[in-house]
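>>> No letters, just coordinates:
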């Protein structure tokens, strides 16, 4: 039950004056003399707090014509009962559970202050909670908008990550092919280097051999020249020998010359081979230069591919950062979904409470209608008694001849009969069960 503090007269008048309800201090101090005005104030409070106006009640009020006799006579009473029910429901929600027909038709100052204090405090409480509800709705809308933005950002980030992954995959393929080509180039370059080193060594060896052979040939030619000179000198100075000795000597010299010629021929062939190797080395020099240029180009390509690989690694790190952001966005999205679910749950709870309240109000209205029909059925004997008393009074007026001098006495007798009839009616009414308390 909603508890509230009792307000002072000044506070009540100030609040109602702020609402421009036309409530005065005289109405608060003497509500018995201003019953209609007090009921009007309650109706205005119900309209302000619950949106319940007499016109809406009259438009939605329904009377069961088939079950209720003389239904047209109860149109105003049904509307009045529905308005009272709305005011009683407002006061029950405000913390006043004992608001009844006595407070509606014969209000007292003490209970009126209590009722107005409850409604004013409930209106203040409702205003605060309404502001909180509006704030929660705004937060829910902001969370839903943030969640939708996060979803869009996550989708965009996923697209970017997919593009980066595709580019990274293509770049990795390029790097792999470049690395394979680099490995092939390095292998070829190593082979070319070995060939170049071997050719250089052979060229140096051949040059050294050719130099040695040239020196040997020069020495051999010099030795031949010296021997020819020696032969000439010896021929000029030598004593005359026999022909056999000369022939043997000449034969020996011819053999030496043949040996020298064969050695010269061998040296000449070795020199030709060395020259051939030198020419081949000279012809291989451009190829070696091209191989060196190719090796430099391969090294440049390897450096470029390494730079590209470094860029791709940077892109991968950026992709990892994007994935981390995506995970953060997913976490934010989960939190937003949880808040949205909580807000939807609150809205569903409010809707469920409203539905239960409407069902409870419908049941209360049905109970009130049944009670009204029961009261009308119980009031039928009273109406019959009233008609009987009226018929009796008419008969008395017809049968009794009243003189002018006894008119006052006759009026007193009729008043006594009516008072007795009213006492009997009140006695019958007291014997009836009390009306139900509206929940």
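Right, received. Where do you want to start? The structure displayed is predicted, hence computed values, not measured ones.

>>> mind checking which helix or strand of this structure has the lowest mean pLDDT?
helix 407-431 (a mean of 62; mean pLDDT, DSSP states H and E).

>>> Show me how far stretch 306-320 is from its chain's centre.
Centre-to-centre, stretch 306-320 and its host chain are 30 Å apart (C-alpha atoms, centre = their mean, to the nearest Å).

>>> I would like the residues contacting that stretch, please.
161, 164, 165, 167, 168, 171, 172, 174, 175 (C-beta atoms under 8 Å, 6 or more residues apart in numbering). The way it works is simple: take the backbone N, C-alpha and C, and place the C-beta from them, glycine included.

>>> Next, the buried residues of it.
309, 312, 319 (16 or more other C-beta atoms under 10 Å).

>>> Next: stretch 30-44.
Buried residues in stretch 30-44 (16+ other C-beta under 10 Å): 31, 34, 37, 38, 39, 40, 41, 42, 43, 44.

>>> Quick check on the closest residue to the last one other than its chain neighbours: phi, psi?
Nearest residue to residue 44, sequence neighbours excluded (C-beta to C-beta, 6 or more residues apart in numbering): residue 21, at 5.2 Å. When read as degrees, to the nearest 10, the backbone of residue 21 gives phi -100, psi 0.

>>> so who does residue 21 touch?
41, 44, 45 are the contacts of residue 21 under C-beta under 8 Å, 6+ apart.

>>> cool, residue 7 as well?
Counting by C-beta under 8 Å, 6+ apart, residue 7 makes contact with 15, 113, 116, 117, 120, 121.

>>> Please produce a markdown table containing the buried residues of stretch 30-44, extended by distance to residue 216.
A markdown table is the format used below for the buried residues of stretch 30-44 (distance: C-beta to C-beta, whole Å):
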| residue | distance to residue 216 |
| --- | --- |
| 31 | 151 |
| 34 | 153 |
| 37 | 150 |
| 38 | 149 |
| 39 | 148 |
| 40 | 146 |
| 41 | 144 |
| 42 | 143 |
| 43 | 143 |
| 44 | 140 |
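
>>> Which secondary structure elements does the host helix or strand of residue 160 sit against?
Using DSSP states H and E, residue 160 falls within helix 109-237. Judged by 3 or more C-beta pairs under 8 Å, 6 or more residues apart in numbering; DSSP states H and E, helix 109-237 is in contact with helix 9-18, helix 25-29, helix 35-50, helix 75-93, helix 101-105, helix 243-399.

>>> Out of those, flag the one nearest residue 136.
helix 243-399 (6.6 Å; C-beta to C-beta).

>>> what about residue 105, neighbour count?
11 (other C-beta atoms under 10 Å).

>>> Tell me who's in contact with it.
residue 35 are the contacts of residue 105 under C-beta under 8 Å, 6+ apart.

>>> returning to what we had before: nearest to residue 206 among the contacts of stretch 306-320?
residue 175 (44.5 Å).

>>> Around residue 323, count how many other residues there are.
14.

>>> Could you pull up the contacting residues of it?
residue 161.

>>> and stretch 171-184, what's its mean pLDDT?
The pLDDT scores in stretch 171-184 average 82.

>>> what residue is smack in the middle of this structure?
The centre of the chain sits closest to residue 147, judged by C-alpha atoms, centre = their mean, with a distance of 2.2 Å.

>>> of all the buried residues of stretch 306-320, which comes closest to residue 93?
Nearest member of those to residue 93, counting by C-beta to C-beta, is residue 319, at 58.7 Å.

>>> so residue 91 touches residue 118, yeah?
Yes: counting by C-beta atoms under 8 Å, residue 91 does reach residue 118; the two are 6.2 Å apart.

>>> wait, residue 160 sits on residue 322?
Yes: the pair residue 160 and residue 322 qualifies as a contact (C-beta under 8 Å) at a distance of 6.3 Å.

>>> what sits in contact with each of those two?
By C-beta under 8 Å, 6+ apart, no residue touches both residue 160 and residue 322.

>>> just the buried members of the contacts of stretch 306-320?
Members of those classed as buried by 16+ other C-beta under 10 Å are 161, 164, 168, 171, 175.

>>> now these as CSV including distance to residue 301?
As requested, the buried ones among the contacts of stretch 306-320 are exported to CSV (distance: C-beta to C-beta, whole Å):
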residue, distance to residue 301
161, 30
164, 24
168, 20
171, 15
175, 11
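
>>> how far out from the middle of the chain is stretch 303-319?
The answer for stretch 303-319 is 33 Å, by C-alpha atoms, centre = their mean.

>>> tell me the mean pLDDT for it?
76.

>>> now do stretch 82-98
Rounded mean pLDDT across stretch 82-98 is 86.

>>> Start the count at 834 instead of 1 going forward.
In the new numbering, first residue 834, that becomes stretch 915-931.

>>> quick one: buried residues of that stretch?
915-929.

>>> With stretch 952-960 instead?
Result for stretch 952-960 [16+ other C-beta under 10 Å]: buried residues 952, 953, 954, 955, 956.

>>> from what I can see the last one touches residue 883, true?
Think residue 956. No: the pair residue 956 and residue 883 fails to qualify as a contact (C-beta under 8 Å) at a distance of 10.4 Å.

>>> before we move on, back to that, for the buried residues of stretch 1139-1153, which one is nearest residue 1210?
Among the buried residues of stretch 1139-1153, and counting by C-beta to C-beta, the member closest to residue 1210 is residue 1152, at 84.4 Å.

>>> do you know how far residue 1178 is from residue 1171?
Note on residue 1178: its distance to residue 1171, by C-beta to C-beta, to the nearest Å, is 10 Å.
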